[in-house]
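Peer 1: next come a sequence and a model predicted from it.
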Amino acid sequence: MVKENLETVRKTIPYGVLLVAVSKTKPVEALQEAYDAGQRVFGENHALEMRDKHEVLPKDIDWHFIGHLQTNKIKYIVPFVKLIHSIDTENLLQAVNKEAVKHDRIVDCLLQFHIAEEETKFGLNLGEAEGILNSDAFKAMKNVRICGVMGMATNTDDEIQIRKELHHLKDIFGTLKTKYFTDCEYFKEISMGMSDDYPIAIEEGATMVRVGSRIFGARNYNV
Ligand SMILES: *Cc1c(COP(=O)(O)O)cnc(C)c1O
């Protein structure tokens, strides 16, 4: 099933957009099946789960962390993580930087923005992000690199609202690019779009989509 689903999804993703296969809660067998079908980029939202999967699966997988990251769990993922999508405080970024120094790595990160109507979703607003980017603390962080933005639209059937929220994230990206990252070719990622809204996200300028249930099937519990 995973192989077929993956092939179906791939057909809908244009060249230049990265498909992050969101494998949270799924057993390593399911990830291996996706791997065997050529998938090399996986997204997880629990640090220990991601570490455990990283240990047993092939080493050429790119592991993307997409969930709320607790500072005491950073150490489990910094040695190998490819991209952290979910930086939503200066403290968290600072803590990632500190751990990255220990491993002599530069860890790529995205700033997560709150673009949905729902209260529950994590994320920054533009002012808060600028606060981080303007801070002396940020300027002193040599082992993290901000590569773009991430966001989640409201879970709704209202396509106009989804489109508006995703468009807003694209605008935020443009603002930050112009003000802080004009000369940084690495600041180029817009991570948006999930199983139900990724086609809209691609139309609105996503460079990465995070697709879980459409590849691996419904999850047993909500995370
Ligand atoms: C679970 C999750 C996804 C994937 O959700 P699906 O609806 O299963 O595609 C994408 N992004 C984040 C941040 C997630 O937590």
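Peer 2: Right, received. Where do you want to start? The structure displayed is predicted, hence computed values, not measured ones. Numbering: from 1, shown residues only.

Peer 1: report back the residue of the chain that's furthest from centre.
Peer 2: Asp136 (25.4 Å; Cα atoms, centre = their mean).

Peer 1: show me which parts of the helix ranked longest in the chain are buried, residue by residue.
Peer 2: Criterion DSSP state H: the longest helix present in the chain is helix 159-180. Residues of helix 159-180 classed as buried by neighbour count (16 or more other Cβ atoms under 10 Å): 162-163, 165-170, 172-173, 176, 180. The C-beta positions use only the backbone N, C-alpha and C, and glycine is treated the same way.

Peer 1: what does the chain have sitting close to the ligand?
Peer 2: Of all the residues in the chain, those in contact range of the ligand (Cβ under 6 Å from any ligand atom) are 22, 24, 45, 66-67, 152, 194-196, 210-214.

Peer 1: and the pLDDT for Asn222?
Peer 2: If you check Asn222, the pLDDT there is 52.

Peer 1: where's the most centrally placed residue in the chain, which helix or strand?
Peer 2: Centroid-nearest residue in the chain: His85, 3.2 Å away (criterion: Cα atoms, centre = their mean). Per DSSP states H and E: His85 is located in strand 83-87.

Peer 1: could you give the average pLDDT over that strand?
Peer 2: Mean predicted confidence for strand 83-87 is 98.

Peer 1: can you list contacts of it?
Peer 2: When contacts are defined by Cβ atoms under 8 Å, 6 or more residues apart in numbering, strand 83-87 is touched by residues 43, 62, 64-69, 77, 93, 96, 107-112, 122, 146-147, 150, 189, 191, 210.

Peer 1: distance between the longest helix of the chain and the chain's centre?
Peer 2: Offset of helix 159-180 from its chain centre (Cα atoms, centre = their mean, to the nearest Å): 16 Å.

Peer 1: also stretch 89-96?
Peer 2: The answer for stretch 89-96 is 16 Å, by Cα atoms, centre = their mean.

Peer 1: go on, stretch 146-156?
Peer 2: 8 Å.

Peer 1: and for the following helix or strand past the longest helix of the chain, what's in contact with it?
Peer 2: Proceeding N to C from helix 159-180, the next assigned helix or strand is strand 189-191, under DSSP H and E. Strand 189-191 is contacted by residues 20, 66, 83, 85, 110, 147-151, 169-170, 173, 205-210 when judged by Cβ under 8 Å, 6+ apart.

Peer 1: what ranges do the helices span in the protein?
Peer 2: 2-10, 28-36, 47-56, 74-77, 90-102, 126-134, 136-139, 159-180, 198-203, 213-216.

Peer 1: Throw these into a markdown table and include mean pLDDT, thanks.
Peer 2: Formatted as a markdown table, the helices of the chain follow (pLDDT from 0 to 100):
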| stretch | mean pLDDT |
| --- | --- |
| helix 2-10 | 98 |
| helix 28-36 | 98 |
| helix 47-56 | 98 |
| helix 74-77 | 98 |
| helix 90-102 | 98 |
| helix 126-134 | 98 |
| helix 136-139 | 97 |
| helix 159-180 | 98 |
| helix 198-203 | 98 |
| helix 213-216 | 98 |
